[in-house]
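S.K.: the sequence and its predicted three-dimensional model are supplied below.
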Amino acid sequence: MSYVDEVIAKVKEKNASEPEFLQTVEEVLTSIRPLVDANEEKYRKLALLERIVEPERQIKFRVPWVDDNGQVQVNIVQGRSEIPSVRIYRYHQVPRL
């Protein structure tokens, strides 16, 4: 079994409930198969394909708080990792309707 096939099998096992994601992974890895096969040992050592196929996850939650005037405010906090071990947080005030 080639490196590409091994990675596709692992992704299918781990993300079985996400058919669109699985389809995308298969298409991308199949399209780069000649390149990967030519450099398999190097890419396997770097775990390059495993890093490519790890989906980005986002965390989002609301934080209610009371301001100096006694009014309840609600902010939305979003976090995601664009670089390993670095988290990006953005704060958004919830619009009042």
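M.R.: Received the coordinates, thanks. Predicted, not measured: the structure shown is a model, and the values here were computed from it.
S.K.: quick one, phi psi at the most centrally placed residue in the chain?
M.R.: Ranked by distance to the mean C-alpha position of the chain (Cα atoms, centre = their mean), the top residue is Glu56 at 1.1 Å. Main-chain torsions, Glu56, degrees, to the nearest 10: phi -70, psi 130.
S.K.: quick thing: my sequence starts at 290, can you match it?
M.R.: Will do, 290 is the new start, and the previous item becomes Glu345.
S.K.: domain ranges for the protein, per the record?
M.R.: According to automatic domain parsing, the chain comprises the domains 292-341, 347-382.
S.K.: if you compare those domains, which one is most tucked away?
M.R.: domain 292-341 (a mean of 13; mean count of other Cβ atoms under 10 Å). Placement of C-beta: from N, CA and C, glycine included.
S.K.: quick check: mean pLDDT of it?
M.R.: Across domain 292-341, the average pLDDT comes to 94.
S.K.: do me a favour and get the end-to-end distance for it?
M.R.: The first and final residues of domain 292-341 sit 13 Å from each other (Cα to Cα, to the nearest Å).
S.K.: tell me where this structure has strands.
M.R.: 347-355, 361-372, 375-382 (DSSP state E).
S.K.: now do the same contact list for Val325.
M.R.: 291-293, 318, 332, 338 (Cβ atoms under 8 Å, 6 or more residues apart in numbering).
S.K.: err, Leu318, not the other one
M.R.: Taking Cβ under 8 Å, 6+ apart, one finds 293, 296-297, 325, 338, 342 in contact with Leu318.
S.K.: run the last query once more with 6 Å
M.R.: Residues in contact with Leu318 (Cβ atoms under 6 Å, 6 or more residues apart in numbering) are 293, 297.
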